[in-house]
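Trainee: Provided below are the primary sequence and the corresponding predicted coordinates.
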Amino acid sequence: MERLATNLKRAICGLFEVHDDEAGVQRVVTPLEYPGSGDRVVVRVRSRDDGYSIDDNGEAALYAGMAGGDVDSESVARWVEDLARYSPARFDSADEAIKAYTNDVRLTAPYVFRVAEAAQQLFAIATSRTERQAWDFKQRLAEVMIRTAKDLGVNLQSEVELPIAGGLVADHVIDHRTPLIVVAATNATRLLEAEIIHMQYRLANMSGFVLAIAESQTTVGKRQFERANYYTGTTVTFSEPDLPKLVENQLRYQLQ
């Protein structure tokens, strides 16, 4: 029985990787994973004058945002309140990091687990409605595009595999002198794909205008949204009444 306990302790400890980073920071790679992503939860332990800071370096919120999640949602706000009641970990809204503090070195190990546990929960809650919201957004966008193409008398194709490396797919393409390539940017990763499509078309000197449409800046990240306008034809937020005119103006501009 004692041998089993020893082996079990050794096996459990082996699941955690500890790396000595710069400035005395200990980076702990835990066996916990962010749901659906396969990325392991990483926690950092930092020495301070008054003890130790244990945090996720803001990665749970970052990964949730990249997956189209919303850490400012009401469900996350309720979770933050509950977290303060049952855990030593706290969500710092200023830098969107999960943190715990202690002046007792014996508590650093259990606090690593509590922070990792909270990071996993934050990611799951922030992204819980993402898939359904993304589907709803894509459906609304498709309805507007179909209606607009019919009103303008142009041919619209959906789910089009583009003639570029990587097999990237456009949500919609309007056949025109300069094809209008529409990408529904449901999250930051999809917005990045729109940028890649734009750059590959430019590098291959192929005709095509990439229009990336996000449901909101929040779903893709404000910084990513602002940057995307430099690496796509244009990037906008979805507006059902304004999109038909935007498409019409773009097609008309191509004829000038």
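Mentor: Perfect, thanks for sending it.
Trainee: Settle this for me: Ala185 is touching Ala214, isn't it.
Mentor: Yes: counting by Cβ atoms under 8 Å, Ala185 touches Ala214, with 4.2 Å between them. In this view, the C-beta of every residue, glycine as well, is placed from N, C-alpha and C.
Trainee: Need the overlap of contacts for these two.
Mentor: 191, 220, 235 (Cβ atoms under 8 Å, 6 or more residues apart in numbering).
Trainee: Next SSE downstream of the helix or strand hosting the first one?
Mentor: In the assignment (DSSP states H and E), Leu191 maps to helix 188-203. Beyond helix 188-203 on the C-terminal side, the first helix or strand identified by DSSP H and E is strand 209-214.
Trainee: Name the residues that touch the next helix or strand after that next one?
Mentor: Next helix or strand after strand 209-214 toward the C-terminus (DSSP H and E): helix 217-220. Residues from elsewhere that reach helix 217-220, judged by Cβ under 8 Å, 6+ apart: 68, 70, 72, 133, 185-188, 190-191, 214, 225, 228, 237.
Trainee: From Gly69, how far out is the nearest residue to Phe225 once chain neighbours are set aside?
Mentor: Spatial nearest neighbour of Phe225, excluding adjacent residues (Cβ to Cβ, 6 or more residues apart in numbering): Gln217 at 4.5 Å. Plainly put, Gln217 is 14 Å away from Gly69 if you go by Cβ to Cβ, to the nearest Å.
Trainee: of these two, who's got more company?
Mentor: Taking other Cβ atoms under 10 Å, Gln217 and Gly69 do not tie; Gly69 has more neighbours (26 against 14).
Trainee: What score does that one have for pLDDT?
Mentor: Here, the pLDDT recorded for Gly69 equals 80.
Trainee: which residues sit in contact with it?
Mentor: Going by Cβ under 8 Å, 6+ apart, Gly69 touches 123, 126-128, 130.
Trainee: quick revisit: which members of the contacts of helix 217-220 are classed as buried?
Mentor: Neighbour counting by 16 or more other Cβ atoms under 10 Å classes 68, 70, 133, 185-188, 190-191, 214, 225, 228 among the contacts of helix 217-220 as buried.
Trainee: Closest to Gly51 out of these?
Mentor: Lowest distance from Gly51 to the buried ones among the contacts of helix 217-220 (Cβ to Cβ) belongs to Asp70, with 32.7 Å.
Trainee: I'd say that closest one and Ala126 touch.
Mentor: Yes: using Cβ under 8 Å, Asp70 is in contact with Ala126, at 5.9 Å.
Trainee: residue ranges with poor pLDDT in this protein?
Mentor: Along the chain, the model assigns pLDDT under 70 to residues 1-13, 36, 129-132, 254-256.
Trainee: how about the helices in it?
Mentor: 2-14, 59-66, 74-86, 108-126, 130-152, 188-203, 217-220, 222-228, 243-255 (DSSP state H).
Trainee: can you list the ones you listed in TSV and add distance to Thr102?
Mentor: What follows is the helices of the chain, written out as TSV (distance: least, Cβ to Cβ, whole Å):
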stretch	distance to Thr102
helix 2-14	20
helix 59-66	20
helix 74-86	16
helix 108-126	6
helix 130-152	34
helix 188-203	34
helix 217-220	34
helix 222-228	33
helix 243-255	52
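Trainee: how about the CA coordinates for stretch 106-125, as PDB?
Mentor: Output of stretch 106-125 as PDB, limited to C-alpha atoms (Å, rounded to 0.1, in the frame of the first residue of the first chain):
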ATOM      1  CA  ARG A 106       3.500  26.000   1.500                       C
ATOM      2  CA  LEU A 107       0.400  27.400  -0.200                       C
ATOM      3  CA  THR A 108       2.000  28.100  -3.600                       C
ATOM      4  CA  ALA A 109       1.500  24.500  -4.800                       C
ATOM      5  CA  PRO A 110      -2.200  24.200  -4.000                       C
ATOM      6  CA  TYR A 111      -2.800  27.700  -5.300                       C
ATOM      7  CA  VAL A 112      -1.300  26.800  -8.600                       C
ATOM      8  CA  PHE A 113      -4.000  24.200  -8.900                       C
ATOM      9  CA  ARG A 114      -6.700  26.600  -7.800                       C
ATOM     10  CA  VAL A 115      -5.600  29.200 -10.400                       C
ATOM     11  CA  ALA A 116      -5.400  26.500 -13.100                       C
ATOM     12  CA  GLU A 117      -8.900  25.300 -12.100                       C
ATOM     13  CA  ALA A 118     -10.300  28.800 -12.300                       C
ATOM     14  CA  ALA A 119      -8.600  29.500 -15.700                       C
ATOM     15  CA  GLN A 120     -10.200  26.300 -17.100                       C
ATOM     16  CA  GLN A 121     -13.600  27.500 -15.800                       C
ATOM     17  CA  LEU A 122     -13.300  31.000 -17.200                       C
ATOM     18  CA  PHE A 123     -12.500  29.700 -20.600                       C
ATOM     19  CA  ALA A 124     -15.500  27.300 -20.600                       C
ATOM     20  CA  ILE A 125     -18.000  29.900 -19.400                       C
END
